[in-house]
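> Test case, fold it:
(one chain, ligands or ions: 2)
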Amino acid sequence: TRRRLGRLKEVPAVTRDGTRISLQANMELPNEVGAVLESGAEGIGLLRSEFMFMNRPDMPSEDEQYAILRGVVERMGGRTVTIRTFDAGGDKLAPALGCAIGPNPALGLRAIRLGLARQDLLEAQLAAILRASAHGPIRILIPMIATVGELRATREVMNRVIRRLRKKDVVLADPLPPLGAMIEIPGAALSADSIAWHADFFAIGTNDLTQYTLAIDRSDEAVAHLFNPLHPAVLRLIQFSVQAATRARIPVCVCGEMAGDPRYTALLLGLGIRELSMATSNVPVVKSQVRGIDLAAVTALARQIMEENDGGRIAALVDGFKIDG
Ligand code: PEP
Ligand code: MG
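Residues are numbered from 1 along each chain as shown. Ligands and ions are numbered 1, 2, ... in the order given. Sure, this is the predicted structure:
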């Protein structure tokens, strides 16, 4: 099967009925570009930018960030790179940001909250990303959005940075990069219909969405067995977010671990997802699933699953569904 999966690189990710599915890669380190290209991913759906300031005592400058991001974008050779602004705090520590750990880091000053509190840092990062956008297609993704206000405030910061760069005659992408929201907080998913009007795209982060919906620390071994993205509450939040994005006519991607698990491919496509971003090593096996899927059949599966309210029954339906390989 390894050889079979290897050959999959050359064939497109299309369902049996001919619908194109976009399979993209999650990336944590800049030296992974080779593996991304090798996997057959059509772009980077989630570039976790935390690597730039972890394991170092200071913050990288705007120029330093620009050099790294430009390198990634250039090596991706015209494929879209979705760059997420720093998601520090919680499980992702960054000494340079001097994050007050706070009584509960998962609920504390982290991700975009930290960016809006420290706008000097956010501005430097947005400037680096915008400058890199002159070298290839980029999307900008904002982590841990909870409110429309945060997304609007972020867009204001971005517009300020754009004006500053233009005044210095810096070349930027035309059109400017889209600005998207991570949907990974239950409250954001429940207000996805409002957020969709202010976002150019959605990326559903099922890792945090599951963690916060079920109140289960994703890094705590003692409760790992209870972490379940098939919980009906999580599925309803995903479904509502997809429907909101569809109504607002913006693209929606799933980029949590769920997207890279072949067990869930049928259900996610059945819920209306057409974009998945995952660890590079999972791209071939998910592509193989996609190519066996009939959209009408998985839409019926999703409809049936959404009527269930028992996690065990849902798991049985998911596992019992057979895809033609
Ligand atoms: C997520 O929360 O699902 C996600 C994709 O982001 P991260 O795992 O980096 O928090
Ligand atoms: Mg997350």
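
> Up against ligand 1, what does the stretch 1-150 of the chain have?
Residues of the stretch 1-150 of the chain lying close to ligand 1 by Cβ under 6 Å from any ligand atom are 46, 48, 87. In short, each C-beta sits where N, CA and C put it, glycine included.

> Surely the first one is within a strand?
It stands for residue 46. Yes: judged by DSSP: H, G, I helix; E, B strand; the rest coil, residue 46 forms part of a strand.

> Report the contact partners of it.
Taking Cβ atoms under 8 Å, 6 or more residues apart in numbering, we find residue 46 in contact with 24, 25, 26, 27, 82, 84, 141, 203, 255, 277.

> Please apply the same query to the second one.
When contacts are counted by Cβ under 8 Å, 6+ apart, residue 48 is found next to 26, 27, 28, 84, 87.

> Let's see that with 10 Å instead.
Going by Cβ atoms under 10 Å, 6 or more residues apart in numbering, residue 48 touches 26-29, 54, 83-84, 86-87, 92, 141, 143, 255.

> coming back round to it: pick the one among the contacts of residue 46 closest to residue 305.
residue 255 (21.0 Å; Cβ to Cβ).

> returning to what we had before: out of the contacts of residue 48, give me the one that has the most neighbours.
Within the contacts of residue 48, most neighbours by other Cβ atoms under 10 Å means residue 141, with 31 neighbours.

> Tell me the bridge partners for it.
residue 84, residue 180 (DSSP bridges).

> Give me every residue in the stretch 201-325 of the chain lying close to ligand 2.
Residues of the stretch 201-325 of the chain lying close to ligand 2 by Cβ under 5 Å from the ion are 205, 208.

> ok, which stretches of the stretch 201-325 of the chain are strands?
201-204, 252-254, 275-279 (DSSP state E, counting those that start in this stretch).

> I'd like to know which elements the longest one is packed against.
By that I understand strand 275-279. On a contact count with 3 or more Cβ pairs under 10 Å, 6 or more residues apart in numbering; DSSP states H and E, strand 275-279 meets strand 22-27, helix 33-39, strand 44-48, strand 201-204, strand 252-254, helix 265-270, helix 283-292.

> Indicate whether it makes contact with ligand 1.
No: Strand 275-279 stays clear of ligand 1 (Cβ under 6 Å from any ligand atom), getting no nearer than 8.0 Å.
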